Structure formats: C-alpha cells, structure tokens
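K.L.:
Sequence first, predicted model second:
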Amino acid sequence: MAILTNITDLEEDVRDLINESTAGFWSSTFIQRQLKKGHQVLSTKLKLSNTIWTATLTTSAPGTGEAQITDNREIRLPSTFISIDEGGVYYNDDVCSPTSIKQLKHNNKDWLNEIGIPRLYYLRGDMIGWDKQISAGDKVRIYGIKMPAELAAGTAPFDGDYRTVGYRYLIVDYAVAMCWKKKNEMNKHDRILTPGIGTFWIGLKDMKFELLNNADDDYRLVKK
C-alpha cells in the first residue's frame with residue numbers, strides 16, 4: 001500500500017520528522033502551504049504530467065474549449081501549461097514545426113502580414129504564435145506538460161503517477177526544511193534546501209534521471 005497518498009498523510013509525516021516540542025507549534029495551514037510549494041517546485045523542475053490541449057480559435061472572449069486570438073497570430077497557453085513536449089503542435093490537424101520570432105523576422109521583414117496555412121510556431125512568454133495570421137473557427141492541438149492538480153485531502157501527488165510514489169518523501173523534506181527555516185534553524189534547513197547540494201535537490205536529480213532519462217525534458221520551455 002502506498003504511503004504519503006495525500007496532503008493529510010504528507011502533513012502527518014512532516015510532524016513526525018520535525019518532532020514538535022509543543023504540539024501544534026507549526027499550524028496545519030503553514031505546513032500544508034509548504035507541502036504545496038514543494039509539490040509545485042518538483043512538478044515544474046521535473047515536468048512529468050502530460051496533457052493534450054485542444055481549442056477552437058475565437059476573436060471574442062473565450063469560452064470553454066476556446067482560445068482568443070491576439071494580434072492576428074497568437075493565443076495564450078493555459079495557466080497550468082509548463083512546456084510543449086515531443087508530441088508537438090498541430091494547426092487544423094497539420095503538424096507545425098518550431099521556430100522563433102527572430103528567425104521569422106530574419107527571413108521576412110513583412111512576416112506579420114503573411115496569410116495562408118500556418119506551418120511554423122513560436123513561443124513568446126506564455127503565448128504561442130504562428131508564422132501566418134490565424135483565423136477564428138480553426139482548431140489547435142498542443143501536446144505538452146502541465147502542472148498537476150494542487151495537493152488536497154483527496155488528491156495524490158503528481159496526479160497519482162505511480163512512478164513517483166518512491167519520491168513523494170521529497171515533498172515532505174521540502175516542508176520540513178521550511179519549518180526549520182521558520183524556526184531559524186538554518187543549519188538544518190540548508191542541509192536539505194541548499195541549491196545543488198541539499199538532499200532535496202540531490203533527490204530531484206535522481207528522480208529526473210530515473211523518470212526522464214529518455215525524454216528531452218527541457219523541450220520548448222514556456223517561460224513565464
């Protein structure tokens with residue numbers, strides 16, 4: 001049976017490890033906030049949870065399953081989106097290849113006025129755009145990596161990905177270190193959370209190697 005199955009179970013493990021001299025010294029609100037932060041850090045760095053986002057383009061305020069066109073050629077990616085993965089980007093079921101605004105401008109100074117069938121896409125912050133002007137009613141399909149659901153009483157870490165069960169302790173380690181930081185016990189905190197050498201970061205590297213060894217895990221990062 002798996003342990004550390006949800007935020008309640010994770011909090012219990014944190015309290016066991018910090019060994020409170022006074023019961024309830026750290027509030028559940030504080031501990032659970034740190035657990036959620038640790039979960040988000042791991043999720044962002046590891047990029048594990050796959051998603052396929054499909055949307056119909058519109059020029060008005062978007063509804064469910066829609067994306068609003070900006071400047072004739074761009075749409076905003078979902079707020080949970082971390083990166084585009086090997087599955088790629090499709091416009092009306094035609095695959096598009098990655099490029100950059102710099103490359104588009106280099107090849108054609110009037111590229112903003114180009115119309116036709118989009119064949120290339122680029123990323124600009126949390127926006128995705130195409131080499132041609134896009135049209136309402138067209139559809140896009142984007143394969144990528146998303147932020148998993150926020151930890152809750154009935155929500156397992158990393159959307160319940162069975163591969164991560166043995167690494168859920170890293171979320172606990174993060175929260176324990178933040179408890180020590182709040183208590184100004186920085187010598188303990190630093191052993192876990194010092195970038196590059198802390199046990200949390202070493203565990204993250206092990207997790208990345210084991211779970212993403214065959215994946216281009218930095219593919220088309222969405223830079224917020």
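P.N.:
Received it, and whenever you're ready, just let me know what you need. No experiment lies behind these values; they were computed from the predicted model shown.
K.L.:
going forward, measure contacts between C-alpha atoms and count neighbours the same way
P.N.:
Will do.
K.L.:
Okay, buried residues for stretch 30-47 please.
P.N.:
For stretch 30-47, burial by neighbour count (16 or more other Cα atoms under 10 Å) applies to 31-32, 34-44, 46-47.
K.L.:
In helices only, show me the residues you listed.
P.N.:
Assignment to helices by DSSP state H places the following of the buried residues of stretch 30-47 there: 31-32, 34-44, 46.
K.L.:
of these, closest to S135?
P.N.:
Proximity of these to S135, judged by Cα to Cα, is greatest for T44, which lies at 32.1 Å.
K.L.:
Tell me how far that closest one lies from L170.
P.N.:
Remark: distance between T44 and L170 (Cα to Cα, to the nearest Å) = 14 Å.
K.L.:
picking up where we left off before, name the nearest of the ones in helices among the buried residues of stretch 30-47 relative to I101.
P.N.:
Here the nearest of those to I101, counting by Cα to Cα, is T44; it sits at 25.1 Å.
K.L.:
Report the contact partners of the closest one.
P.N.:
With Cα atoms under 8 Å, 6 or more residues apart in numbering as the criterion, the residues that contact T44 are I82, M147.
K.L.:
What does the pLDDT read for it?
P.N.:
Taken from the predicted model, the pLDDT recorded for T44 is 92.
K.L.:
for K208, same thing?
P.N.:
Per-residue confidence (pLDDT) for K208: 91.
K.L.:
which non-adjacent residue is nearest it?
P.N.:
For K208, the nearest residue in space outside its immediate sequence neighbours is L46; the separation is 6.1 Å by Cα to Cα, 6 or more residues apart in numbering.
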